[in-house]
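Colleague: Let's see this in three dimensions:
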Amino acid sequence: MRSNLQIVSEHYAASDRGDLAAMLADVAPDARWTEMAGFPCEGTWIGPAQIAAHVFKVLVSEWNDYRMTLESLVDGGDCIVGIGTYSGTYKRTGRGMQARVAHVWRLAGGKIVAFEQFTDTLLVANAMET
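Modeller: You can find the predicted model right below:
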């Protein structure tokens, strides 16, 4: 059985490849995915279908070269923290952004059951501002 650290690491590797199916493969059907207030995908989304529709598909459709560059993973057992930097160019304004980010992952039974994002939403909003 893969460790929780491996599961989260594989999510980030799938994200780097643009492989949405692999990104969501270990997400529990009732997982709670929370994007910060002020972020383009803000809210709490339940399950892989909502996460795909309200987070990943939005980011791909609204940003060029949107990515999270992972710098480190902190292994807390059933809680994994990913630290890195978001970057991308907002399509409507042509403005780029870079913002530090921390992701808090909760896992149980080999599945991602919760995710919460912490980032500087002002830096993202500035890129989106018309």
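Colleague: quick one: secondary structure of Q117?
Modeller: strand (DSSP: H, G, I helix; E, B strand; the rest coil).
Colleague: who's in contact with it?
Modeller: Listed by C-beta atoms under 8 Å, 6 or more residues apart in numbering, the contact partners of Q117 are T34, E35, M36, F39, V101, A102, H103, V104. The C-beta positions use only the backbone N, C-alpha and C, and glycine is treated the same way.
Colleague: Could you measure from it over to D19?
Modeller: 20 Å (C-beta to C-beta, to the nearest Å).
Colleague: pLDDT check: weakest of the contacts of Q117?
Modeller: Note: of the contacts of Q117, the lowest pLDDT belongs to F39, at 90.
Colleague: my guess is it meets L122, correct?
Modeller: No: counting by C-beta atoms under 8 Å, F39 stays clear of L122, with 10.5 Å between them.
Colleague: The two - which one has more neighbours?
Modeller: F39 (21 against 10; other C-beta atoms under 10 Å).
Colleague: What backbone torsions are found at the closest residue to that one other than its chain neighbours?
Modeller: Leaving aside its sequence neighbours, F39 sits nearest to T121 (C-beta to C-beta, 6 or more residues apart in numbering; 5.1 Å). T121 adopts backbone torsions of phi -70, psi -20, taken as degrees, to the nearest 10.
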